[in-house]
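Q: take this sequence and fold it.
(chains A and B, ligands or ions: 2)
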Amino acid sequence: MKRAGFTTRWLPILLLLPQLSIIAIFFYWPAAHAVHSSFYLADPFGFGATYVGVDNYADLAGSSEYLKVARFTLIFTLLVTFFSLALALLLAVKADNIIRGAKSYRTLLMWVYAVAPPVAGFIGLIMFNQSWGPLTEAARAIGWDFKLGVNFNDTATAMVLVAVWKQVPVNFIFFLSGLQSIPKPVREAALIDNRSARGRFWDVTFPLLAPTGFFLLIINITYALFDTFGVIDTMVKGEPGNNPMTLVYKVYVDGFRGNDMGGSSAQSVILMLLVLALTIFQFRLIERRIHYT
Amino acid sequence: MAQVSLNNIRKIYPNGVEAVQQTSFDIADGEFLVLVGPSGCGKSTLLRMIAGLEDITEGELRIGDRVVNHVDPADRDIAMVFQNYALYPHMTVRRNIGYGLKNRKTPADVIAAKVREAAEMLNLTDYLDRKPSQLSGGQRQRVAMGRAVVRDPSLFLFDEPLSNLDAKLRHQMRIEIKALQRRLGVTSVYVTHDQVEAMTMADKIIVLNAGRIEQIGTPSEIYHNPASTFVASFMGAPPMNLLDARFEAGQVRINGGTPLLPASGSGPVTVGIRPEDAELTPEGPLGFDIQIVEELGGHRLLHGQLADQPFTLHVGKEVEARPGAARVNLRPEALRLFDKTTGQAL
Ligand SMILES: Nc1ncnc2c1ncn2[C@@H]1O[C@H](COP(=O)(O)OP(=O)(O)OP(=O)(O)O)[C@@H](O)[C@H]1O
Ligand SMILES: [Mg+2]
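A: Ligands and ions are numbered 1, 2, ... in the order given. A predicted model of the protein is given here:
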């Protein structure tokens, strides 16, 4: 491929400058700051900081509480990602069979996407209200005494439910448009080649959805890890106590509630590395493997 | 191998479009039937009903001795080749060709052997491990053919399979498909809007117009005895000349006087003649004002006016012609008469 070139060397740099400065101010600078403070023990009252080397990291590795939160985050992410994707795919396949292009259904579902995470969390609180929440009552009807904010597993279940509910519409839209971009003749050829609808789905539809699915997988993992902050914050009412929380929420709790800036920074750095790993994984796989045309 | 019969088949789409009006015809065992007609005339709809990809609104469809109206496409024992080939983009050529067999519980070694055989027949052996995106248009076309032949179906269906190829490749594939069909003897229905494809490939042609059958016949019947002015002007390149004339005193007369042939009737009539059935001769009874000479190497086409009506004449390369006045003779035995208002052959 032929490359178009700039005649001067300064023009491209000048053009990139606004974008680069935004990234520098809002990302690199705070990130560098976080890395820096992760090696210090900050005085809770803001009177200076002491260099402690990797102590903050060592503390984390040895902290059973941190490991417990990490384990919960892993399970939470797996569950949210799996159910968000699976439910959305199921809905999209069903919708695709019936509506084929009808837009109203899509728009209706898309509304949920417009709900901000804290609001979603708040709706969750209402649904699981201890005395009159409809979902609490539904749980009671099957003999499950649901105690949001009190029982660890119940709270975790509610968090997963709300997080999934909030994410399904996004995935649905992507899956539906992915399904509708599969050429009609290809589906028809499959109709002639294979009488089983299930077989056609796994042999033809699913592989052709793989690029969409993989893209969504990364999006959903990122969502479950980071963007569920608002949901969790609302549902534990800022009273973490014995309640489940994710790593991102713990950064906030330790840093701003516990005033442990050093430990909190160390946790942020670990999360940054996680994001880095995810991004590399995404680029490696998405660019190389899952492309057909 | 199967005989196919359509009995009063009709198709109305949910939006109310009547794409195919009541239609009945039979396709004999091993016959190559071509459905031809202008865009939107319902060719694809008819084919897709036979394939089971569209519901049949009314009527009965039989393949072999079964009524298949409500049989799944996969159970109709058919294979279809689509216009855009419709290959599975994520499967190799080998898996594309073998996919239909795999779902019919064919043992793996039999599939492998059949795929190899089909690939050899279609010159695809070197490409078996490629994905469709790594093939040329002609090669993809062959893979689509391979996918159809490997299953030994009792009926082949083709929906404009060559329309995405360039002229040369189209010509070559036309011959290959026809030869393949001859060899395998599989009953085939082939949809095209290209009348040359229809003429050269068909055992039998059905000309469709606006959801209706205009004519069913062999290529020669359709060409020489078109059932209507629609068929006359659709089939043949250039099409049949159609001239306004009148019945007068036991003769068909053109130009207010020149008698063309004796016939009884009254009032206006349309006279049709193929461009190669008129001859340029100084003694000809009709004046022909040549305006354009189209040089085509092996022959020439002379376009101009005959009795103030557009007319085209086909002459051999040995006949000299230049723009200007000339005289022509229309061979009486080649003249066809059509009702002036309905367009039907008389
Ligand atoms: N799914 C559909 N719903 C409604 N009307 C349709 C549908 N498919 C086709 N039609 C209409 O039915 C008529 C016949 O369409 P069809 O596709 O059979 O034409 P065709 O002869 O194959 O044309 P072409 O040569 O352009 O492929 C057209 O008027 C078309 O607009
Ligand atoms: Mg068509």
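Q: can you give me the strands for the stretch 151-300 of chain B?
A: In the stretch 151-300 of chain B, the strands defined using DSSP state E, counting those that start in this stretch lie at B:155-159, B:187-192, B:204-209, B:212-217, B:241-248, B:251-254, B:258-262, B:267-273, B:278-280, B:286-295, B:299-306.
Q: got the ones you listed as CSV, with distance to A:Asn243 and mean pLDDT columns?
A: Any C-beta I mention is one placed from the backbone N, CA and C, and that applies to glycine too. Output for the strands of the stretch 151-300 of chain B, formatted as CSV (distance: least, CB to CB, whole Å; pLDDT from 0 to 100):
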stretch, distance to A:Asn243, mean pLDDT
strand B:155-159, 61, 93
strand B:187-192, 66, 94
strand B:204-209, 71, 94
strand B:212-217, 73, 93
strand B:241-248, 87, 89
strand B:251-254, 99, 83
strand B:258-262, 100, 78
strand B:267-273, 89, 90
strand B:278-280, 96, 89
strand B:286-295, 87, 90
strand B:299-306, 88, 92
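Q: just put the ones you listed in JSON lines and tack on mean neighbour count.
A: Below are the strands of the stretch 151-300 of chain B laid out as JSON lines (neighbours: other CB atoms under 10 Å in any protein chain shown):
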{"stretch": "strand B:155-159", "mean neighbour count": "24"}
{"stretch": "strand B:187-192", "mean neighbour count": "25"}
{"stretch": "strand B:204-209", "mean neighbour count": "23"}
{"stretch": "strand B:212-217", "mean neighbour count": "19"}
{"stretch": "strand B:241-248", "mean neighbour count": "19"}
{"stretch": "strand B:251-254", "mean neighbour count": "20"}
{"stretch": "strand B:258-262", "mean neighbour count": "15"}
{"stretch": "strand B:267-273", "mean neighbour count": "19"}
{"stretch": "strand B:278-280", "mean neighbour count": "19"}
{"stretch": "strand B:286-295", "mean neighbour count": "15"}
{"stretch": "strand B:299-306", "mean neighbour count": "18"}
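Q: want to throw these into a markdown table with distance to A:Ile219?
A: Below are those laid out as a markdown table (distance: least, CB to CB, whole Å):
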| stretch | distance to A:Ile219 |
| --- | --- |
| strand B:155-159 | 39 |
| strand B:187-192 | 43 |
| strand B:204-209 | 49 |
| strand B:212-217 | 53 |
| strand B:241-248 | 64 |
| strand B:251-254 | 75 |
| strand B:258-262 | 77 |
| strand B:267-273 | 66 |
| strand B:278-280 | 71 |
| strand B:286-295 | 61 |
| strand B:299-306 | 63 |
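Q: these two touch, right, A:Lys166 and A:Pro117?
A: Yes: with contact defined as CB atoms under 8 Å, A:Lys166 reaches A:Pro117; the gap is 6.7 Å.
Q: and for those two, which residues touch both?
A: Each of A:Val231 lies in contact with both A:Lys166 and A:Pro117 under the rule CB atoms under 8 Å, 6 or more residues apart in numbering or on different chains.
Q: more crowded one of the two?
A: A:Lys166 (26 against 19; other CB atoms under 10 Å in any protein chain shown).
Q: now the more buried one, nearest residue through space, not along the chain?
A: Excluding the flanking residues, the one nearest A:Lys166 by CB to CB, 6 or more residues apart in numbering or on different chains is A:Ala120, at 4.5 Å.
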